[in-house]
Structure formats: C-alpha cells, structure tokens
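> Fold the following.
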Amino acid sequence: MKTFAGRTFKKVKGILAFNKKNMLIKLNEIKHAVSFSKKFLYNWMKIKANNPSELDPIFALYLVTKRCNFRCKYCYAESNERISSVAPEDLTFEQNVELLKIMRKDVAHIYFSGGEPLLRKDMVDILKACRDLNYHILSLTTNGFLLDKKPEVADYLNYLAISLDTLDEKKNDELSGVRSGTTKKIIEITKEFAALQKEKNFTLLVNAVIGEHNIPDIYKLMDFCFEHNIGLSVIGQMENFRPIKFLRDNEEYFKLVEHILDYNEKGYPILGMPQFNRTMLMFQDHTCFPLLIPTIYPNGDLLYPCEVLNKQRYNLLETGSIREAYRRGQKEIGAKIDCPGECYLPAFIMASCFMQQPFSAIKQGIKLKMGNCYNQHIKEDKVKIKQVV
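Numbering: from 1, shown residues only. This next block holds a predicted model:
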C-alpha cells in the first residue's frame, strides 16, 4: 500500500512540476509578446511621425567572428582570416557574456552570423548564455560543415540556417572553395537536422544565393526543401551590398523569381512574407530603417547607422548600451539618416517590410514555425517544378 501511495505521489508531483514548467514558459511567452507589441507600436508611431532616428532596435545582427573555413567566390563579407588563426577582433567567452548582457538591455532577439560562427569553440556556450540571459529568439547561419561536431546548437536555437546554393555537389564545392565531398556531407547533415526539428523545437532553413552559377539549380533545391520540410531563404547575388548587373538583365532569373513568389503566396516554407521576397528578388524600391537592426562586429563594435552608410563605430563594451551608441552617433553625424535605398541586405528589408505589413509578417512566421507546409498540393506542384527544369 505504501509503495503504491509512494508511486502515486511521485507521479502527481511529476505532473505538477511539468505543468508548472509549462505555465512558466507560457507566461514568459506572453511577457515577450507584450514587450514586443509595445516596441512595435512605439516604432510604428515614430515612423508615421517621420522620426526614424528615434526607433528602438528589434533584434541584433551579431557577426560573432570573421573567421571562415569556406572561400565562397561571391561572398561580400569581411571574412578574410585563416581558419587556423584566432581573429584579432574575436572576443573571449567572458567578454561575449558581458556584451550579451549589454545587448539584452535593448533587444530580445539575436541573429548570429560571421564568418563561420561554429569555428568558435565556445559557440554552444555562447548560445547557452543567451538562454540564461532570457533572450527570446536566437538564430544562427552556418555553412553546415561543423554541425555534426556541435549538434547541441539545435538545443538553444529557434532558427538554424544552412547555406546551400545547389544540390550539384561538384558545382557547390567549387563555388565554396572547398575540397571534393564537402557538399555531400552538408546535404546529409541538412537532412539529419531536418528530421530533428520537432524533437528539438527549432526551424531549419536553407539559405541560397542566386547568381549566374545556379539559376536552374534552384528549382531542384526548392523540391529538396519542400520534401524535407525545410524553410527556404533566397537572395540575389550582390556586390558591395547591391545586386549584380547580371541578375537585373536576366530573363531566366525573373522567371525563377515568379515561381518562388508563387510558392511563397501558397504558404510553402519560404522565409519571409511575399512583400519581402518581391522587394528582395525583384530589386524594388524600398524604405529602410537601419536602426531597427543594429550590426555588431566581432570586437563588440556597433556600426552606425549600418554597414553600408557612414560606418561610424561605437564599442558596446564601452558605451554600455545600444541606445547610447545610437545617441553618440546622432550627436556626431546628425540624427538624419540619408539612405538611398540602393542596398538589399535581407535583415534590413525584412524589418522594414514588417513595420509596413506586420500582420502579413506574423502570419508568414506562424506558418514557418509550424513546420508543416508540405501540404496536399505538393505532389502536383513538384511535377510543375520538374517540368520547368
């Protein structure tokens, strides 16, 4: 009798503990939602009042290292450090924790990029520190080659993006500047992590850059992503943050874009709402609000107002906050931001589109997060893709 009562007590205790944990998670989600809503309304009113210099950042783009183990031929990032070296700008783990504390004062979401973030031996610990600091949404982009060495990153991320431009292994190896067989490994890793999404509660994306090298290949890449329930993010190849002339004049490129937009409208797992993808891929005119997305360099420097314009640098370890870095930038170079809207950096355009069409963006985000866009029409649409190819 005592044994039965003991087992029953432990079972009830476990259920209560589980329900308490779930309730705390829900309360935390509600708290973040309320905080984000307040920030959105504040920014929306500032934009309507034509005061873009007073915007509050919504998430930070943190280039956590310049080091990279790939040498992609079209890459415009400042990733020139050798993989065997420690880039002089990289912060220590302790400095990173301090930087994350400073950034958390102003943002609840971080997008980690580089370079190749997984070259940092402490990348998993950095993500864990973010969770300990109550960051809400964590995203990371990687070339995928080292994911099998650090699978724990999926335990802390909301979005994990793997760069892959084509399923043609030989072509992708050559474009990436890597040895033969690398792309084959990355494709297998991508499929393995795709199968872990529900268990680990994260969304997997494939990032593809469209250029002269791979326009026909994107159709098969779409098919691959839809089949494995992977979100697809596509951008046009750029030089100095601007689309290359080849794409602006290419009929096959725009034919491909129409197919991508069609699937985007249907609700397939293509990252970003239709307005974002149309603006990005069709190179449409747009209004950018760079202060919504502060760019942080590996040493903690914030580029004001963005990478493309004045490139004034303010180190957050010294300013103590993103807002203080903004204040100093506005004091030194003026509050007015003269943005010609000629660059097409995805993070900035996505933020700007969100401010203009928030409900469409939220709807698209929910679809992507559900991770179940492989709907009843996909067999018919797969045939259409193959016919195009």
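
> Need the residues that contact stretch 206-215.
Where contact means Cβ atoms under 8 Å, 6 or more residues apart in numbering, the residues beyond stretch 206-215 that reach it are 74, 141, 161-166, 168, 171, 175, 190, 218, 221, 224-225, 230-237, 244, 246-247, 250, 252-253, 256, 281. Backbone N, C-alpha and C define where each C-beta goes, glycine included.

> Tyr297 reaches Asp90, doesn't it?
No: in terms of Cβ atoms under 8 Å, Tyr297 does not count as a neighbour of Asp90; the distance is 10.2 Å.

> quick one: average confidence on the biggest strand by length in the chain?
Looking only at the chain and at elements set by DSSP state E, the strand with the highest residue count is strand 203-210. This predicted structure assigns strand 203-210 an average pLDDT of 97.

> Ala351: helix or strand, and which one exactly?
Using DSSP states H and E, the element containing Ala351 is helix 346-356.

> pull the CA atoms of that helix into PDB?
Output in PDB follows, covering the C-alpha atoms of helix 346-356 (Å, rounded to 0.1, in the frame of the first residue of the first chain):
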ATOM      1  CA  PRO A 346      17.900  40.800 -46.100                       C
ATOM      2  CA  ALA A 347      17.700  41.700 -42.400                       C
ATOM      3  CA  PHE A 348      17.100  45.400 -43.000                       C
ATOM      4  CA  ILE A 349      14.500  44.800 -45.700                       C
ATOM      5  CA  MET A 350      12.700  42.200 -43.600                       C
ATOM      6  CA  ALA A 351      12.500  44.600 -40.700                       C
ATOM      7  CA  SER A 352      11.200  47.400 -42.900                       C
ATOM      8  CA  CYS A 353       8.600  45.200 -44.500                       C
ATOM      9  CA  PHE A 354       7.500  44.100 -41.100                       C
ATOM     10  CA  MET A 355       6.900  47.600 -40.000                       C
ATOM     11  CA  GLN A 356       4.800  48.300 -43.000                       C
END
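
> which strands and helices sit next to that helix?
helix 2-48, helix 274-282, helix 358-370 (3 or more Cβ pairs under 8 Å, 6 or more residues apart in numbering; DSSP states H and E).

> can you list the residues that contact that helix?
Under the contact criterion Cβ under 8 Å, 6+ apart, helix 346-356 has outside partners 40, 43-44, 47, 58, 61, 111, 233, 235, 272-273, 275-276, 279-280, 286-290, 292-293, 306, 361.

> Distance of the residue nearest to Gln312 when sequence neighbours are not counted relative to Met350?
Beyond its immediate neighbours in the sequence, the residue positioned closest to Gln312 (Cβ to Cβ, 6 or more residues apart in numbering) is Tyr304, lying 4.4 Å away. Distance from Tyr304 to Met350, counting by Cβ to Cβ, to the nearest Å: 20 Å.

> ok, those two, which is more surrounded?
When Tyr304 is set against Met350 and neighbours are counted by other Cβ atoms under 10 Å, the residue ahead is Tyr304, at 25 against 22.

> ok, that one to Gly329 distance?
Per Cβ to Cβ, Tyr304 is found 3 Å from Gly329.

> any residues in contact with both of those two?
Shared contacts of Tyr304 and Gly329, defined by Cβ under 8 Å, 6+ apart, are found at Asn310, Gln312, Tyr314.

> Let me know whether the first one touches Glu332 as I believe.
No: the pair Asn310 and Glu332 does not pass the contact test of Cβ under 8 Å, sitting 9.2 Å apart.

> Name the residue in those two with the higher neighbour count.
Neighbour totals were compared for Asn310 and Glu332, and Asn310 leads with 15 against 11 (other Cβ under 10 Å).

> Enumerate every residue touching the more buried one.
With contact set as Cβ under 8 Å, 6+ apart, Asn310 has these partners: Tyr304, Gly329, Ile333.

> what about stretch 39-57, start to end distance?
With Cα to Cα, to the nearest Å as the measure, the ends of stretch 39-57 fall 9 Å from one another.

> Which positions in that stretch come out as buried?
Of the residues in stretch 39-57, those buried under the neighbour-count criterion (16 or more other Cβ atoms under 10 Å) are Lys39, Asn43, Lys46, Ile47, Pro52, Ser53, Leu55, Asp56, Pro57.
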